[in-house]
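In: Would you be able to build a 3D model of this:
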Amino acid sequence: QVQLVESGGGLVQAGGSLRLSCAASGSIISINAMAWYRQAPGKQRELVALISSGGSTNYADSVKGRFTLSRDNAKNTVYLQMNSLKPEDTAVYYCTARLISIATLRQGDYWGQGTQVTVST
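Out: Here you go, the predicted structure:
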């Protein structure tokens, strides 16, 4: 079994900061890319940031310069540092990992349960 557990969401005022964490655990052989998506009410899920196994990152235009994604390969964990938060950042944030598990011996995408981020005005 593979699990992705997110933490760090909450309520913050506009201009504030939050740090999200996502830890992958279980019968994992290797992890390729890890990413954060978000989904606001009534909107489609969108990619926020992605980090490759080598540490290369990509960000949505809306978060560039404000969010930073980092990765600790030894802990199978990624961190999303979110600064200068805006009300439009309010959403449920989901962590995902593309990895190979012992159970399947195939690459697959796994998702966390999501964590709520609410930015007040």
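
In: The residue lying closest to Gly8 once chain neighbours are set aside is in what secondary structure piece?
Out: Excluding the flanking residues, the one nearest Gly8 by Cβ to Cβ, 6 or more residues apart in numbering is Leu20, at 4.2 Å. From N, CA and C alone the C-beta is placed, and that goes for glycine too. Using DSSP states H and E, Leu20 sits within strand 18-26.

In: Parallel or antiparallel, which strands does that strand pair with?
Out: Strand 18-26 has the following strand partners under DSSP bridges: strand 2-7 (antiparallel), strand 77-82 (antiparallel).

In: measure the residue nearest to Gly8 to Ser70 for me?
Out: 11 Å (Cβ to Cβ, to the nearest Å).

In: Are there residues contacting both of those two? Which ones?
Out: Counting by Cβ atoms under 8 Å, 6 or more residues apart in numbering, the contacts common to Leu20 and Ser70 are Tyr79.

In: Go ahead and confirm the residue nearest to Gly8 touches Ser7.
Out: Yes: assessed by Cβ atoms under 8 Å, Leu20 is found in contact with Ser7 at 7.2 Å.

In: Enumerate every residue touching Leu20.
Out: Applying Cβ under 8 Å, 6+ apart, the residues near Leu20 are Glu6, Ser7, Gly8, Gly9, Trp36, Tyr79, Leu80, Met82, Tyr93, Cys95, Thr115, Val117.

In: ok, back up a step: so what sits opposite the residue nearest to Gly8 in the bridge?
Out: Going by DSSP bridges, Leu20 forms beta bridges with Leu80.
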